[in-house]
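> I need the structure of the sequence given here:
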Amino acid sequence: MRKSIISLLLLLAVLPLMGQSLLDSLPGHRMKASYTYSLSQGGAPMKEVSSGIILVQDNAYRLDALGLEVYCDGQKRWSVDPSAGEVLLEEVDTEDMLTNPLQIIHNWKSMGDRLHFNSRGKDSLDATAKLDDKTSVRVVLKDVVLSEPGPVSDFVPDPGKIKDYILTDLR
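Here you go, the predicted structure:
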């Protein structure tokens with residue numbers, strides 16, 4: 001469940017961004033934004049789940065959510081849990097939107113009426129998506145900044161920081 005929520009967060013964060021013009025601008029750029037997301041299951045009121053910073057570049061991303069630091073270089077994803085001293089390493093399925101949510105950049109229109117924009121601005125977005133299992137996820141992005149691409153190493157955990165962590169390699 002935790003991994004699914006993180007994937008959904010990223011999926012919603014990058015899908016239409018602030019509209020077609022920004023979406024068209026994302027390839028070849030880096031996006032950084034602060035985010036909050038809330039979750040509602042079975043019609044219950046929305047409850048804020050997490051907030052933090054998200055960084056996206058091409059098929060790579062980095063975010064902090066639920067106490068985890070998630071890094072993805074487009075091929076591998078590291079879920080780092082500093083409090084437990086553990087790292088989960090997985091391959092990214094390049095075709096699956098849930099395990100590689102950046103695929104939604106190419107398919108965001110397929111969400112149809114399951115996606116509702118609460119508001120859009122030049123550097124902000126507030127959107128809610130309704131999932132098939134009656135879960136609603138609301139993502140608010142603020143202070144969105146597009147910049148030139150940076151090093152891919154920004155999307156890989158620092159080896160010195162995790163060298164003593166327990167590694168579970170699921171590749």
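> And the average pLDDT for stretch 157-171 is what?
Computed over stretch 157-171, the mean pLDDT rounds to 95.
> Would you check that Glu69 makes contact with Val80?
Yes - counting by Cβ atoms under 8 Å, Glu69 touches Val80, with 4.3 Å between them. In this view, the C-beta of every residue, glycine as well, is placed from N, C-alpha and C.
> out of the two, which sits in the more crowded spot?
Between Glu69 and Val80, Val80 has the larger neighbour count (other Cβ atoms under 10 Å), namely 21 against 18.
> what about the more buried one, which helix or strand?
Element membership for Val80 (DSSP states H and E) is strand 76-81.
> Lys142 too?
Here Lys142 is assigned to strand 135-147, by DSSP H and E.
> any common contacting residues for Glu69 and Val80?
Jointly contacting Glu69 and Val80 under the rule Cβ atoms under 8 Å, 6 or more residues apart in numbering are Pro157.
> show me where this protein has strands.
Listed in chain order, the strands of the chain (DSSP state E) span 30-41, 47-57, 60-65, 68-72, 76-81, 86-91, 115-121, 124-130, 135-147, 166-169.
> how about a markdown table for the ones you listed, with distance to Asp158 added?
Formatted as a markdown table, these follow (distance: least, Cβ to Cβ, whole Å):
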| stretch | distance to Asp158 |
| --- | --- |
| strand 30-41 | 18 |
| strand 47-57 | 15 |
| strand 60-65 | 12 |
| strand 68-72 | 10 |
| strand 76-81 | 10 |
| strand 86-91 | 11 |
| strand 115-121 | 34 |
| strand 124-130 | 30 |
| strand 135-147 | 21 |
| strand 166-169 | 14 |
